[in-house]
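S.K.: From the sequence below, what's the structure:
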Amino acid sequence: AAAAAVGGSLSSSCASVEGAGLLGGNWMLRHIAENSQQPFSKYSLEELLRLQELSPTERLLHLDNVLHVGISKIVLLLQDLPLGFGSRGPIREVIQDYVQDLRDLHDNPPEDPNRFKKCILEIFARHRGMLGQIARGLRDFQHEIGEGFEPIADLNSTSLADICEFVPAVQKIERTLDDFFTIRTTLRLLIAHCLQLNPEDRGAEIGFAMHELMQRIPDSLRQEGASGPQVRHVGAICLDTRPSLILIEAYRHAQFMVQRRFNRSPPELMVNGRTAREFLVEGLEQPSLDTHFPYVDIHLYFVFFEVLKNALLTSMRKASRSGAEPSPVHASLITGTSLMSENERTVKITDYGEGINRDDMRKVWSYFHSTVNEQRGDPLSHTAMSEEDGAAPSRLARAGNRGLGLAVSRVLVRYFGGEIDLHSIPRKGTDVYIYL
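M.R.: Numbers count the residues shown, from 1 in each chain. Now for the predicted structure:
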């Protein structure tokens, strides 16, 4: 039934397979339909840590099975979207890339570990620019809807972000994209985690490839000083995650980007009432005050970068219009005892920028929101800063510039049971709460 539901259009994605003489299109459709019916769920930090108890062979077999199921579910999710969204050129390319993944996995089974590891690294790299493809698909879809429903007189053009809550089909697209990014996060996290659990895979070739692909937090950031404890990792999990370090590193990258955009210094970052430098120095001098906890640090970096980038942008826009110096951005690492005791399970980031109108508050988490900004010609829209702009030192940081940053950030925070919330007053500023 699942194959029949999507067979008409999905078969075009599989046709090249049969034409190349690799795998018949009928086999691929059946494989996707069967695997998509298998159970699939997110991983908790505890479940990821327990994978180290498996042998390397068992881990690769487990990874292979999860990849087949997850990729098959992604193909059906994207293919079955309403209003022809799955037929947009960039979205078709994403679907075809995932079909290619299944083909490669079939040709490189885990029974041959070296070939399999090379295969999954190639799969990881293949989807490096996927955020850009999704953003282009959203933009094309918004443009087509806008042309199909042209307003009369001086009314604004149709905006999918504005009508989302009133149109069930658009709501389904939003929910499906949440599901898609959740499954994608699971697959990429599991690839990185399983490979890095193997000591032999931390060598030159695979180790370098994983560093390049994951864009892990630089080693200099992980060191807490000569007398401080070393940061430990089990696979992709940092056992000693200290959000303040990641927060400050994300701020440096966002600061660099915004400084190039405005050609002037962005606001300073204050952490628990101190400058970022003062906060770090005090933390190094009193390491016993710090509370560390296990987390996937690269997820935290992505979220912090996106929120700080938005905070700096709105602060700079307000300052440019008023002619005043931008107010500092404040980060509060909220704890149960004192501000210096880093039980950093809640992070509040406050800016004193333009704020957000009440009518726009519900749209900030929409995948269509950024494409609307770009179409209105906002030169500071997030999608306007392309990956090729090179403003941020990190490729991962530039990934947030696709305009999907807040929506994807919410997926990442929720992945391990957290939440992200936003409160704003127009012309006064915005508070973002990140619960880990």
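S.K.: CA atoms for contacts and neighbours, from now on please.
M.R.: Noted.
S.K.: Is there a neighbour count for residue 84? I'd like the number.
M.R.: For residue 84, the count of nearby residues is 10 (other C-alpha atoms under 10 Å).
S.K.: roughly how far apart are it and residue 36?
M.R.: 21 Å (C-alpha to C-alpha, to the nearest Å).
S.K.: Run through the stretch 51-200 of the chain and note the low-pLDDT ranges.
M.R.: Counting by pLDDT under 70, the stretch 51-200 of the chain shows low-confidence ranges at 148-158, 199-200.
S.K.: Go ahead and measure how far stretch 315-334 is from the middle of the chain.
M.R.: Put simply, stretch 315-334 sits 25 Å off its chain's centre (C-alpha atoms, centre = their mean, to the nearest Å).
S.K.: Residues in contact with that stretch: which ones?
M.R.: Residues outside stretch 315-334 that contact it (C-alpha atoms under 8 Å, 6 or more residues apart in numbering) are 244, 262, 266-273, 311-312, 339, 342-354.
S.K.: Could you export that stretch as PDB, CA atoms only?
M.R.: C-alpha atoms of stretch 315-334 as PDB (Å, rounded to 0.1, in the frame of the first residue of the first chain):
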ATOM      1  CA  SER A 315      20.700  45.000  18.000                       C
ATOM      2  CA  MET A 316      22.800  46.400  15.100                       C
ATOM      3  CA  ARG A 317      19.700  47.300  13.100                       C
ATOM      4  CA  LYS A 318      18.200  49.200  16.000                       C
ATOM      5  CA  ALA A 319      21.500  51.000  16.700                       C
ATOM      6  CA  SER A 320      22.000  51.900  13.000                       C
ATOM      7  CA  ARG A 321      18.600  53.600  12.800                       C
ATOM      8  CA  SER A 322      19.000  55.500  16.100                       C
ATOM      9  CA  GLY A 323      22.700  56.400  15.700                       C
ATOM     10  CA  ALA A 324      23.500  55.000  19.100                       C
ATOM     11  CA  GLU A 325      25.900  52.300  20.200                       C
ATOM     12  CA  PRO A 326      24.200  48.900  20.300                       C
ATOM     13  CA  SER A 327      23.400  47.600  23.800                       C
ATOM     14  CA  PRO A 328      25.200  44.400  25.000                       C
ATOM     15  CA  VAL A 329      23.600  41.000  24.600                       C
ATOM     16  CA  HIS A 330      23.200  39.300  27.900                       C
ATOM     17  CA  ALA A 331      23.300  35.500  28.500                       C
ATOM     18  CA  SER A 332      22.200  34.200  31.900                       C
ATOM     19  CA  LEU A 333      23.200  30.600  32.800                       C
ATOM     20  CA  ILE A 334      20.500  29.900  35.300                       C
END
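S.K.: for that stretch, which positions count as buried?
M.R.: Buried residues in stretch 315-334, counted by 16 or more other C-alpha atoms under 10 Å: 315-319, 326-334.
S.K.: Export these to a markdown table and append columns for distance to residue 104.
M.R.: As requested, the buried residues of stretch 315-334 are exported to a markdown table (distance: C-alpha to C-alpha, whole Å):
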| residue | distance to residue 104 |
| --- | --- |
| 315 | 47 |
| 316 | 47 |
| 317 | 47 |
| 318 | 50 |
| 319 | 52 |
| 326 | 51 |
| 327 | 52 |
| 328 | 50 |
| 329 | 47 |
| 330 | 47 |
| 331 | 45 |
| 332 | 46 |
| 333 | 45 |
| 334 | 46 |
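S.K.: List the ones among the residues you listed that fall in strands.
M.R.: 329, 330, 331, 332, 333, 334 (DSSP state E).
S.K.: bridging residues for the fifth one?
M.R.: Spelled out, it's residue 333. Beta-bridge pairing for residue 333 (DSSP bridges): residue 347.
S.K.: Please name the residues that touch residue 52.
M.R.: So, once contact is read as C-alpha under 8 Å, 6+ apart, residue 52 ends up touching residue 197.
S.K.: With the one 5 residues further on instead?
M.R.: Taking C-alpha under 8 Å, 6+ apart as the contact definition, residue 57 lies against 110, 111, 113.
S.K.: Any of these buried? List them.
M.R.: Taking 16+ other C-alpha under 10 Å as the criterion, what is buried in the contacts of residue 57 is residue 110.
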